[in-house]
Every structure is written in C-alpha cells, then in structure tokens.
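# Sequence and predicted model, in that order:
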Amino acid sequence: MYGFVGAPVGLPSRAVSRSSAFGERVQVSSTRRSSVAAGPSMMFEATFNKAIDDFKSDFPQFAKRGWGCTAKAERWNGRHAMFGMLAIWLTAYAKGHGMLPAGDIDVSEWGTLANLGGYTPISNERAVILIAHIHVLLVSVAAAIAPFSFQDKLLLEDGESDETPAGFIPAFSVGMTKDAETWNGRLAMVGIMSIVGGAVATNQSILDVTNKMFGGVFF
C-alpha cells in the first residue's frame, strides 16, 4: 500500500530518495543520449535551412522563381544522378558486348574538336558517349525551361511556394513516393561521386571502375 507522498509503506525515506534520484539519473542520461544522437542530424538540417534562407535574402529574384537551394532542385539533381548511374551501367554493358565502335576519330574529317591536345584524337567510343550526353543535356535544359503541362516543374510559378525540405534523414516509405525518390536520388549522387573519386584516385576510366565495383560483370 502506498502513502500520499507516493512512497511504499515501510520503505525508508533514504531508500526512496535514492530510488528517485536513480530514476532521474536514468531519465537524464537517456535524454542526453537521444539529444547527442539527434545532434548531427539537427546540425546538418540547420545548415541546409540556413543556406536556403541566405540564398533567399541575397538573391530574392532568383529565389522566388525556384533557383538555388530548394527541395525541387535536390529532387532534380537526384533524378539526373539516377539517370547518370543508369547511363554508366548501360555504357559499360555496351562496351563489354562490342556495341561501341573501336578506333579513333579522323581529325582530318572532324577538325580540332576531335583533338585531345598534342594532335591526339579522341576515340570513337568517347565520341559516341559525348554526343549522347549532349543530347541528354539539351533535353534536360528544355524540360527545365519549357516543360510540358504534365511534367514536374523545376522552377516556381508566380506566388508558388517551394516544397518542404526532406531533411537530413528523409522519411522511409516504400513505393512511388517523393521520400523514396529522395532516398534513391541521394544514393545515386553518392554512387556517382564514389565512382568518379575512384577513377581519379586510381587513374582508371569510369567504366573500368564501374566494372570492378560490380565484380567484372560488364566486361
């Protein structure tokens, strides 16, 4: 049976004070651990929000149209990264199955644009990849400047507000959702940076690094 002060009858007051102090200590330590765990996430999210606010104050004309650090810009960058990863995989597959032409570009026909410097021509493989990327770039610019009515727009209309940022760790949801797209886009951006960094560090081509990352399944 308990008294009015909440202490068990027959339990010494000193023991009650110790148990209550222990409970407070456990509660404080658990709260401290949760705050420490949430510290980096809150710090990065605050930094991102500060960058958005600084850009809006420094460049208001650009910010109201959706340029700069925005939630839409992150999603578009993620989409480009996902397409870039797919393009790298398909290019590696094409190289491994002889779908890319061999040899070098004839400088006498293509001029100095086909020259790497020192009168060294670029390869036909690199020329095909370069032309394909230029076409994709033009499509991306057209989609950003003059999108179709059914497309997701990058820029904001007059009076339209930007979406809420996903935060340092977006919510995890399965299916065709914006959170899933954000996760996939961020992972694709990290993947491309890893491939490019590995290529620079090892002095190998991006396709060779990609092929080694996947255990030589492409070629």
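Sure thing, it's come through.

# Now the helix or strand containing Ala199: buried residues?
In the assignment (DSSP states H and E), Ala199 maps to helix 178-202. Along helix 178-202, the positions that meet the burial threshold by neighbour count (16 or more other Cβ atoms under 10 Å) are Glu181, Thr182, Trp183, Gly185, Arg186, Ala188, Met189, Gly191, Ile192, Ile195, Gly198, Ala199. Quick note: C-beta positions are derived from backbone N, CA and C, even for glycine.

# Distance to Leu113 and pLDDT added to those, as TSV?
Supplementary listing: those in TSV, determined by distance: Cβ to Cβ, whole Å; pLDDT from 0 to 100:
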residue	distance to Leu113	pLDDT
Glu181	37	91
Thr182	38	91
Trp183	40	93
Gly185	33	94
Arg186	35	94
Ala188	30	96
Met189	30	95
Gly191	31	95
Ile192	26	95
Ile195	26	95
Gly198	29	95
Ala199	24	95
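
# between these, which is closest to Ile88?
Taking Cβ to Cβ as the measure, Ile195 is the one of the buried residues of helix 178-202 closest to Ile88, at 6.9 Å.

# doesn't Ile206 make contact with the closest one?
Yes - using Cβ atoms under 8 Å, Ile195 is in contact with Ile206, at 5.8 Å.

# Now the spatially most central residue of the chain. Nearest residue, chain neighbours left out?
Computing the C-alpha centroid of the chain and ranking residues by Cα atoms, centre = their mean puts Arg186 first, at 2.4 Å. Using Cβ to Cβ, 6 or more residues apart in numbering and skipping residues adjacent in sequence, the residue nearest Arg186 is Gly78, 6.2 Å away.

# One more: Ser140?
Excluding its sequence neighbours, the residue lying closest to Ser140 (Cβ to Cβ, 6+ apart) is His80, at 6.8 Å.

# What is the helix or strand containing that neighbour packed up against?
Take DSSP H and E as the rule and His80 turns out to sit in helix 71-96. Contact partners of helix 71-96 among helices and strands, from 3 or more Cβ pairs under 8 Å, 6 or more residues apart in numbering; DSSP states H and E: helix 124-145, helix 178-202, helix 206-213.

# and these, which one's lowest on average pLDDT?
Per-segment confidence across the helices and strands packed on helix 71-96 bottoms out at helix 124-145, which has a mean of 88 in mean pLDDT.

# from the chain's centre, how far out does that helix sit?
Helix 124-145 sits 21 Å away from the centroid of its parent chain (Cα atoms, centre = their mean, to the nearest Å).

# got the buried residues for it?
For helix 124-145, burial by neighbour count (16+ other Cβ under 10 Å) applies to Asn124, Glu125, Arg126, Ala127, Ile129, Ala143.

# repeat for stretch 48-67
Counting neighbours by 16+ other Cβ under 10 Å, one finds that the buried residues in stretch 48-67 are Phe48, Ile52, Phe55, Lys56, Ala63, Lys64, Arg65, Gly66.
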